[in-house]
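In: Sequence below, structure please.
(chains A and B)
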Amino acid sequence: MRRRALLLTAPLVLLARPAAADLVYVLNSGDSSISILDAFTRQELRRIPALREVHHLVLSPDGRDLLIADSGGNEILFVDPATGEIRRRERVSNPYHLDFSPDGRLLVICSLRRNQVDVYDARSMALLARLRMPEKPSHMAFRPDAKVVYVTLQGSGTIAAISLETNQPLWEIPVGREPAGIAWHRGRLIIGIMGSDHFAVVNPETREIEKQIPVGRGAHTIFVQPDGRALWATSRVQSRLVEIDPSTLDVRRIIDLPGGPDCIAFDPDGRLWATLRWSGRVARVDTRTGEVETIRVGRSPHGIFIQPRRAETEGLAQTAANRPATNAR
Amino acid sequence: MTESFNHALDDATGWIFETLLQPLMYQWGLMDWADDALQWLQFGLFGLFSIAVVYLVCRPLEAWRPVEPVTDRSAIRTDIVYTLLTRLGLLPMVAFVLLASLQAWWEGSVADSGFVPPTIETLFPQLREMPVLAFAIYAVILDFGEYWRHRFQHSFRWWWALHSIHHAQRQMTFWTDDRNHILDEVIAALWFGAIALLIGVPPGQFPLLVLLMRLAESLSHANVRLSFGRIGERLIVSPRFHRLHHGVLSTAGHGKNYAVLLPVWDWIFGTADFRRDVFPRTGDPEAPEALATGGWLRQQAVGLKRMAGAIFGRGTA
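Out: Numbering: from 1, shown residues only, chains lettered A, B, ... in the order given. This is a model prediction of the structure:
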């Protein structure tokens, strides 16, 4: 009976499987490799060797290249996001976190170990400016007009604003112990205070902390859900995933996620994927039910990205403008 | 097997970090160092595991065919202290904390100069798809560097003053591998750093290979009458090959068999002695007694004093 049921349902399962499943890119910072997972079967399809220590990644503004930063290997890999093929490599000094300015003109790279922030011409990869910073420049967020980039300084307990017109620092303010992730949200900066249990909401005009969002010990990174209806934050010590109301910035829901959740990406079905730094796994979370499934990847997984291949197959390729919301770093 | 080993190591590290270490770091305001702490924890756990493996392999061999009877257990205990300090990461951790700012400054300066340190894989791109082979090439080059560092340790009076701590041991066992002056370890780290600037740092994803290398290095010091045969002796350093280097007539500049892992360097540079029936007494007859039988701290102090004497022309070295 059971066998017959399986035979009957098998074709349905095969039909339900998309022709080209989404690809999930996971950067295994602890063992120099990139795992590519099939989002549907959750199987690892390939593991690309990197040189030393891959942490963060970003999609190019035209959606053509996925830039993967290998900080210890001093290079950036330019990968075809649809196939995982490495197109080229660029020698870059210790790239840790990286992002394109909203106008796509500049690529900004933080070097955590070398206390520097580099500004590159996005097209030519020519180094335009190297700013010597206080301790440990970590993550960044841009002002939507692309004139200012804000960088967390993990070792100094501050954030710095850097003008992208003059390539000079504008100001630096204390925000709390060991600030890590940072996001621009409706005219405010939301910063994960890793040495504490909250996110700080800073008004960049007045440079004042207006609010604290309690999420649990080791507040780390924050990402905007693609439809804008929620913000999702992680806390690495208390191991939590926290849903935040985008209007009130109040905590809506807490999901316990053991393993030290770090970076987040969203798939087209509205599921959330998070890297679990201390357990060598990624978690796939159904944001509606809170159901969690974990998948083994490499050591100390950090950056994560989802390439929605199904959308491409169905002729629904997203434009470069709305991609960053889907593919969080 | 490699994958299972890596997974087991990862799971143990992750669990200890998340449940024990990270909460403490948060409490002490050290979350800034979380990534580094995870690496150190892995280093320490791996060190503990490698000590256990080395013990399980070498101890039965030493009991089976010892070269000499054990007459001085306290000298072995001192070597155990050296091993624990080195392999559990305590000394490297102190060095890391002290040198972290210096390293950031140095790396920043290198970056400012426009020099981006290369890697073997950037020089030979085909190695990118063959990480195990790349690792093996790094191991060979670094072993070549170790051969010459070792020769210099025996050639310069001030350096020999430090290195003679390693040679002063008359009761040589597999524990003797890590018996080094702390300043000698710092110089070794700088030596490694200089090579890394030229060829890059080897990939770190092969703990099992590192374990095998460590096992070979410890085994080479073991108190066991063991030679690897006519061909084997030329492929990898054996307990027989290395005991001859530690022989009482092989101290300072009179040394033979300097290789750490691959005897080929001694072969090429004319310092090899492949006589397979020679198992000499070990020790440095010219070293003060404290270097042979003193405790860890005493040996460190005497080593430093002798080095100063060698540099400023006083005392013996």
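In: interface residues of the stretch 101-250 of chain A facing chain B?
Out: A:111, A:113-116, A:130, A:132, A:135-136, A:154-155, A:177-178, A:194-195, A:217-218, A:236-237, A:239 (CB under 8 Å from any CB of the partner chain). No exception for glycine: its C-beta is placed from N, CA and C like everyone else's.
In: The residues you listed in strands, which ones?
Out: A:111, A:116, A:130, A:132 (DSSP state E).
In: Now the buried members of those.
Out: Among these, the ones that count as buried by 16 or more other CB atoms under 10 Å in any protein chain shown are A:111, A:116, A:130.
In: for the stretch 51-200 of chain B, what are the low-confidence residue spans?
Out: B:89-105, B:108 (pLDDT under 70).
In: Quick one: name the residues of it near chain A.
Out: Counting by CB under 8 Å from any CB, the residues of the stretch 51-200 of chain B near chain A are B:103-104, B:107-108, B:111-112, B:116-117, B:119, B:121-122, B:128-129, B:131, B:200.
In: Which parts of the stretch 151-300 of chain B are helices?
Out: For the stretch 151-300 of chain B, the helices defined by DSSP state H, counting those that start in this stretch occupy B:157-167, B:182-199, B:207-219, B:229-235, B:239-245, B:264-268, B:289-293, B:296-312.
In: next one: chain A
Out: A:2-16, A:309-313, A:323-326 (DSSP state H).
In: of all these, which has the lowest average per-residue confidence?
Out: For the helices of chain A, the weakest mean pLDDT is recorded on helix A:323-326, namely a mean of 37.
In: Tell me which residues touch residue A:177, please.
Out: Shown in contact with residue A:177 (CB atoms under 8 Å, 6 or more residues apart in numbering or on different chains): A:157, A:193-196, B:29, B:31-32.
In: what's the answer for residue A:55, then?
Out: Contacts of residue A:55 (CB under 8 Å, 6+ apart): A:27, A:29, A:69, A:71, A:96-97, A:302-303.
In: and which of these is nearest chain B?
Out: Distance to chain B across the contacts of residue A:55 (CB to the nearest CB) is lowest for residue A:29, with 8.0 Å.
In: The closest one contacts residue A:300, correct?
Out: Yes. If you go by CB atoms under 8 Å, residue A:29 and residue A:300 touch, sitting 4.7 Å apart.
In: shared neighbours of the two, which are they?
Out: In contact with both residue A:29 and residue A:300: residue B:35, using CB under 8 Å, 6+ apart.
In: who's the residue nearest to residue A:24 when sequence neighbours are not counted bridged to?
Out: Excluding its sequence neighbours, the residue lying closest to residue A:24 (CB to CB, 6 or more residues apart in numbering or on different chains) is residue A:37, at 4.1 Å. Beta bridges link residue A:37 to residue A:24, residue A:44, judged by DSSP bridges.
In: how close does residue A:37 sit to residue A:296?
Out: 10 Å (CB to CB, to the nearest Å).
In: And the two? Which one has more around it.
Out: residue A:37 (24 against 16; other CB atoms under 10 Å in any protein chain shown).
In: you'd agree the more buried one is up against residue A:44?
Out: Yes. Contact between residue A:37 and residue A:44 holds when scored by CB under 8 Å: they sit 5.5 Å apart.
In: hey, what's in contact with both of these two?
Out: A:295, A:297.
In: got the phi/psi numbers for the closest residue to residue A:238 other than its chain neighbours?
Out: Nearest non-adjacent residue to residue A:238, counting by CB to CB, 6+ apart: residue A:216, 3.4 Å away. Here is the backbone geometry of residue A:216 (degrees, to the nearest 10): phi 120, psi 160.
In: re earlier: could I get the buried ones among the ones in strands among the residues of the stretch 101-250 of chain A next to chain B in JSON lines, plus columns for pLDDT?
Out: Shown next, in JSON lines, are those (pLDDT from 0 to 100):
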{"residue": "A:111", "pLDDT": "92"}
{"residue": "A:116", "pLDDT": "92"}
{"residue": "A:130", "pLDDT": "93"}
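In: Which one of those is nearest to residue A:182?
Out: residue A:111 (16.3 Å; CB to CB).
In: rewinding a little: let me have the helices of the stretch 151-300 of chain B in a markdown table, adding mean neighbour count as columns.
Out: Output for the helices of the stretch 151-300 of chain B, formatted as a markdown table (neighbours: other CB atoms under 10 Å in any protein chain shown):
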| stretch | mean neighbour count |
| --- | --- |
| helix B:157-167 | 23 |
| helix B:182-199 | 15 |
| helix B:207-219 | 17 |
| helix B:229-235 | 12 |
| helix B:239-245 | 25 |
| helix B:264-268 | 17 |
| helix B:289-293 | 18 |
| helix B:296-312 | 17 |
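In: Would you mind saying which of those lies nearest residue B:275?
Out: Residue B:275 lies closest, by CB to CB, to one member of the helices of the stretch 151-300 of chain B: helix B:239-245, at 7.5 Å.
In: And the closest one, how far out from the chain middle?
Out: Offset of helix B:239-245 from its chain centre (CA atoms, centre = their mean, to the nearest Å): 16 Å.
In: Then stretch A:157-172?
Out: 22 Å.
In: Pull out the buried positions in that stretch.
Out: A:157-162, A:164, A:169, A:172.
In: Quick one: end-to-end length of that stretch, please.
Out: One end of stretch A:157-172 to the other measures 10 Å (CA to CA, to the nearest Å).
In: got it, and stretch A:158-177?
Out: Note: stretch A:158-177 ends 8 Å apart using CA to CA.
In: starting at the chain centroid, how far to that stretch?
Out: 21 Å.
In: avg pLDDT for it?
Out: The average pLDDT for stretch A:158-177 rounds to 97.
In: Could you report the neighbour count for the residue of the stretch 1-150 of chain A found nearest chain B?
Out: The stretch 1-150 of chain A approaches chain B most closely through residue A:31 (3.7 Å), counting by CB to the nearest CB. Per other CB under 10 Å, the neighbour tally for residue A:31 reads 25.
In: Quick one: classify residue B:134 as helix, strand or coil.
Out: Secondary structure, DSSP: H, G, I helix; E, B strand; the rest coil: residue B:134 is helix.
In: Identify the residue nearest residue B:296 in space, chain neighbours excluded?
Out: Nearest to residue B:296 is residue B:81, by CB to CB, 6+ apart, at 4.8 Å.
In: doesn't the one you found fall inside a helix?
Out: Yes. Counting by three-state DSSP, residue B:81 is part of a helix.
In: Can I take it that residue B:45 is in a helix?
Out: Yes. Using three-state DSSP, the assignment for residue B:45 is a helix.
In: wait, it sits on residue B:8?
Out: No. With contact defined as CB under 8 Å, residue B:45 does not count as touching residue B:8 (10.2 Å).
In: what about those two, which has more around it?
Out: Comparing residue B:45 with residue B:8 by other CB under 10 Å, the one with more neighbours is residue B:45, at 18 against 11.
In: What residues does that one make contact with?
Out: B:9, B:12-13, B:16.
In: how does it look with 7 Å?
Out: B:9, B:12-13 (CB atoms under 7 Å, 6 or more residues apart in numbering or on different chains).
In: where does it land on pLDDT?
Out: Residue B:45 is given a pLDDT of 86.
In: still on that earlier bit, can you tell me which of the contacts of residue A:177 comes closest to residue B:148?
Out: Nearest to residue B:148 among those, with distances taken as CB to CB, is residue B:32, at 37.8 Å.
In: Read off the pLDDT value for that closest one.
Out: pLDDT at residue B:32 comes out at 81.
In: What distance do you get for it to residue A:153?
Out: 10 Å.
In: Number of residues surrounding the nearest residue to residue A:111 once chain neighbours are set aside?
Out: Once flanking residues are discounted, residue A:111 sits nearest to residue A:94: 4.2 Å by CB to CB, 6+ apart. A count of neighbours around residue A:94, defined by other CB under 10 Å, yields 27.
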